[in-house]
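Colleague: return a 3D structure for these sequence lines:
(one chain, ligands or ions: 2)
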Amino acid sequence: MPIRLLAPEVASQIAAGEVIERPASVVKELLENSLDAGARSITITIEEAGKKLIEVADDGSGIPSNELELAVSRHATSKLVRSDELFSISTLGFRGEALASIGSVSRMTATSRVQNEPEGARLRVEGGIAARPAKVGTTVGMTVRVEDLFYNVPARLKFLKSDTTERRATDTMVTRYALAYPEKRFKLSDGKNVVLQTPGDGDRRAILASLYGVDVARQMLEVVAEEEGLRLSGFISPTSLTRSNRREITFFINGRWVHDVSLNSALLQAYHTLLMVGRYPLTALFLEIPAPDVDVNVHPAKAEVRFRNQDKIFSFVQRSVRKALLAYSPVPNVAPSLWGTTRTLPPEQPHHTGLDWKIGHDEELFGSSSSEAPSSAQDIVSAAANPQLPITNTAPSTSTHSASIPLLRLVGQIGATYLVAEGPDGLYLVDQHAAHERILFEKLMAQHARKNIPSQALLTPAVVTLPPPSANILISQLHVLEHFGFDVEEFGPNTFQVRAMPALFMGSDPSAALRALVEDFEEDESPLQNEIEARLAARVCKRMAVKAGQALSNEEQRALLIDLEACDSPRTCPHGRPTMIHLSVDMLERQFGRRGAR
Ligand code: ADP
Ligand code: MG
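Modeller: Ligands and ions are numbered 1, 2, ... in the order given. Down below sits the predicted model:
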């Protein structure tokens, strides 16, 4: 084939592919435009996860009628003139590509008016072809209506994830910007319901509360640090408040949301040794860097940046977050290491000894770690089918790998975390949390198999507020909950009432159970399939099980052992981790030199 220049529509579709990947990218670009235009109030409407409609209306400066046509063409911008200005950019946009890109992959209508013109103009662009602008009466500001996104790029459409996932992405994007710009009013609705609304009074903690609920917002720690022209502000979660994924880690640089691996790892380093493996903090952090020190022009969607002095920024973020964390969460001095497990700690932080301990009994607000969760129900099944005898690696395993455990005699509880028991063949250390998890799981699955999970009404229903994306998912899954013995009702915007829960869990915190379930729904694209139910059950049971650090009465300890003995797979928790360590008589004798140590 001879070499030819691409037809302009083809070229612009290719270019659009870099900027507009999914509905959330449209939302991001339009929000950034509204913010650049000085809008004080931005209203976003999404229908069918953004595939049918995305509309962003603002009260910003607007575009003069005679410039509207130019605004939607490629490389048309009012924000940048000379290339050296790229390093002093104070606007979010500068590439002049967003409107053109969106217009080339959708049916877009832009309506705008500026203050000193009596009328505004409207322009429709379909698949990159602009009609003639028409005069219309409208308020000052700009409204961009994007219909039938990717109608002319069916391949793109196929790459979109489920509506739930796409919707979560747009919700999250709006949420992030609402947090970053608390002095602006944001309103996100799906045509019927308002999903998020912020008052624009500058109060970030109030926005956090509307996202995560009042409890979580109250716990979030404020960070304010300044150093040599760098400034970090925002909120981080205390070590007791974690999630199983990085989704709630948010960074803004100079008012722009970015995804930066080095910032993420600076943050996680600040939490180093303070969080359990597989747990991540929630953060909304806003970093300000002098414009010349950051290159924002390295990514088509401007989601990545490059720093002139990356080490300096990394260490500033790491130190600032660490300082805030330590200032707020004094480290208790507990838990000398048991059974000679020496933990090597960084020498500069000797006072952190035993911190894991503290974490062990912190209430987790969100569900269990996904990294611990088996990737499928199959894993649970196989873990149950071949329970590995969890023997410490120094001990020769007692040859019979039978699933059941012998009758145990309770000796006591240590560190409010482990039960000590004696069996015919040595000493057993039982992890009370893992064991209880196993017990609850087997009971719940048995009830589930009988299609009868007894449910019990709560005397006082628990009210739970969830971030809008989670609330949406929950609404779509309420029937699954019912199936699991929960009675949950919508109780207001993003708020739910738990009226009943499985009798098995009575006495535990119903809102924690609900959050565990929601987190499970969030992890999965299609949580409805039957085989997922085991995983769901495993997750709730983990949440409902007694925690490490919880002192148990003698009766409770004994009941736990008896229930564990009755389990089909008593040696592992539903996630496949050991519930117990066995120190065999043989091994004890070796360790104490009673028997021929070679
Ligand atoms: P960029 O933001 O990179 O300049 P865009 O394609 O997003 O490129 O927008 C092109 C131009 O249209 C902007 O430079 C701005 O002048 C104008 N514009 C876009 N959106 C708005 C808006 N909401 N209000 C006012 N002007 C806008
Ligand atoms: Mg723009």
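Colleague: for the residue nearest to residue 203 when sequence neighbours are not counted, grab phi and psi.
Modeller: If the residues on either side of it in the chain are set aside, residue 203 comes closest to residue 182, at 6.1 Å by Cβ to Cβ, 6 or more residues apart in numbering. In short, each C-beta sits where N, CA and C put it, glycine included. When read as degrees, to the nearest 10, the backbone of residue 182 gives phi -70, psi -20.
Colleague: same thing with residue 513?
Modeller: The phi/psi pair for residue 513 (degrees, to the nearest 10) reads phi -60, psi -40.
Colleague: what about it, how many residues nearby?
Modeller: By other Cβ atoms under 10 Å, the residues close to residue 513 number 26.
Colleague: in the stretch 201-350 of the chain, which residue sits closest to ligand 1?
Modeller: Per Cβ to the nearest ligand atom, residue 302 is where the stretch 201-350 of the chain lies closest to ligand 1, at 8.8 Å.
Colleague: separation between that residue and residue 12?
Modeller: 18 Å (Cβ to Cβ, to the nearest Å).
Colleague: ok, now residue 281?
Modeller: Distance from residue 281 to residue 12, by Cβ to Cβ: 41 Å.
Colleague: so which of these two has more stuff around it?
Modeller: Using other Cβ under 10 Å, the more surrounded residue of residue 281 and residue 12 is residue 281, with 25 against 21.
Colleague: isn't that one up against residue 274?
Modeller: No: when contacts are counted by Cβ atoms under 8 Å, residue 281 is not listed as touching residue 274 (9.0 Å).
Colleague: for those two, list the residues in contact with both.
Modeller: Counting by Cβ atoms under 8 Å, 6 or more residues apart in numbering, the residues touching both residue 281 and residue 274 are residue 239.
Colleague: just give the closest residue to the residue of the stretch 201-350 of the chain closest to ligand 1, not the sequence neighbours.
Modeller: residue 296 (5.9 Å).
Colleague: how about the residue most central in space within the chain, secondary structure?
Modeller: Taking Cα atoms, centre = their mean, the centroid of the chain lies closest to residue 247, which sits 3.3 Å from it. The three-state assignment at residue 247 reads helix, by DSSP: H, G, I helix; E, B strand; the rest coil.
Colleague: residue in the stretch 1-150 of the chain nearest to ligand 2?
Modeller: Closest to ligand 2 within the stretch 1-150 of the chain is residue 93: 2.8 Å, counting by Cβ to the ion.
Colleague: tell me how many other residues surround that residue.
Modeller: Count around residue 93 with other Cβ under 10 Å applied: 21.
Colleague: quick check: it is in a helix.
Modeller: No: when three-state DSSP is applied, residue 93 is found to be coil, with no helix at that position.
Colleague: let me see the contact set for it.
Modeller: Shown in contact with residue 93 (Cβ under 8 Å, 6+ apart): 29, 32, 33, 36, 77, 79.
Colleague: those also near ligand 1: which ones?
Modeller: Among the contacts of residue 93, proximity to ligand 1 is found for 29, 33, 77, 79 (Cβ under 6 Å from any ligand atom).
Colleague: and of those, the nearest to residue 429?
Modeller: Using Cβ to Cβ, residue 29 is the member of these that lies nearest residue 429, at 56.2 Å.
Colleague: doesn't the closest one fall inside a helix?
Modeller: Yes: using three-state DSSP, the secondary structure at residue 29 is a helix.
Colleague: against residue 233, how distant is residue 573?
Modeller: 40 Å.
Colleague: ok, now residue 319?
Modeller: Counting by Cβ to Cβ, the gap from residue 319 to residue 233 is 15 Å.
Colleague: got it, and residue 41?
Modeller: 23 Å.
Colleague: which residue packs closest to residue 191, ignoring adjacent ones?
Modeller: The shortest distance from residue 191 to any non-neighbouring residue, by Cβ to Cβ, 6+ apart, is to residue 47 (4.9 Å).
Colleague: can I assume the one you found is in contact with residue 189?
Modeller: No: Residue 47 is not in contact with residue 189 according to Cβ under 8 Å; the separation is 9.6 Å.
Colleague: tell me if I'm right that residue 410 and residue 555 touch.
Modeller: No: in terms of Cβ under 8 Å, residue 410 does not count as a neighbour of residue 555; the distance is 10.2 Å.
Colleague: more crowded one of the two?
Modeller: A side-by-side neighbour count of residue 410 and residue 555, using other Cβ under 10 Å, places residue 410 first with 18 against 8.
Colleague: ok, and for the host helix or strand of the more buried one, which residues are buried?
Modeller: According to DSSP states H and E, residue 410 maps onto strand 409-414. Using 16 or more other Cβ atoms under 10 Å as the burial criterion, the residues of strand 409-414 that qualify are 410, 413.
Colleague: enumerate the residues of the protein near ligand 2.
Modeller: The chain comes close to ligand 2 at residues 33, 93, 98, as judged by Cβ under 5 Å from the ion.
Colleague: got these as CSV, with pLDDT columns?
Modeller: CSV is the format used below for the residues of the chain next to ligand 2 (pLDDT from 0 to 100):
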residue, pLDDT
33, 96
93, 86
98, 93
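Colleague: from those, pick the one nearest ligand 1.
Modeller: Ligand 1 has its nearest neighbour among the residues of the chain next to ligand 2 in residue 93, at 2.2 Å by Cβ to the nearest ligand atom.
Colleague: where exactly do the strands run in the stretch 351-500 of the chain?
Modeller: With DSSP state E, counting those that start in this stretch, the ranges of strands along the stretch 351-500 of the chain come out as 409-414, 418-423, 426-431, 455-465, 487-492, 495-502.
Colleague: ok so, going back, so the residue nearest to the centre of the chain touches residue 175, yeah?
Modeller: No: if you go by Cβ under 8 Å, residue 247 and residue 175 don't touch, sitting 11.1 Å apart.
Colleague: low pLDDT regions in this protein?
Modeller: Applying pLDDT under 70 to the chain picks out residues 329-403, 523-532, 596-598.
Colleague: gap between residue 60 and residue 71?
Modeller: 13 Å.
Colleague: contact partners for residue 183?
Modeller: 200, 201, 202.
Colleague: can you rerun that using 7 Å?
Modeller: By Cβ atoms under 7 Å, 6 or more residues apart in numbering, the contact list for residue 183 reads 200, 202.
Colleague: next structured bit after the strand or helix carrying residue 539?
Modeller: Element membership for residue 539 (DSSP H and E) is helix 532-544. With elements assigned by DSSP H and E, the helix or strand that comes after helix 532-544 is helix 554-565.
Colleague: centre of the chain to the helix or strand just after that next one, how far?
Modeller: Counting by DSSP H and E, the next helix or strand C-terminal to helix 554-565 is strand 580-584. How far strand 580-584 lies from its chain's middle: 37 Å, per Cα atoms, centre = their mean, to the nearest Å.
Colleague: for stretch 479-499, same thing?
Modeller: The answer for stretch 479-499 is 21 Å, by Cα atoms, centre = their mean.
Colleague: again with stretch 309-323
Modeller: For stretch 309-323, the distance to the chain centre is 23 Å (Cα atoms, centre = their mean).
Colleague: can you list contacts of it?
Modeller: 223, 225, 227, 230, 232, 236, 262-263, 266-267, 269-270, 287, 289, 293, 307.
Colleague: now, those residues that are in helices?
Modeller: Among the contacts of stretch 309-323, the members falling in helices (DSSP state H) are 262, 263, 266, 267, 269, 270.
Colleague: quick one: buried ones out of the residues you listed?
Modeller: 263, 266, 267, 269, 270.
Colleague: quick one: residues contacting the second one.
Modeller: To tie it back to what came earlier, the one meant is residue 266. 314, 317, 318.
Colleague: check the third one too.
Modeller: The neighbourhood of residue 267, defined by Cβ under 7 Å, 6+ apart, consists of 249, 283, 317, 321.
Colleague: the last one - that's part of a helix, no?
Modeller: Which is residue 321. Yes: counting by three-state DSSP, residue 321 is found in a helix.
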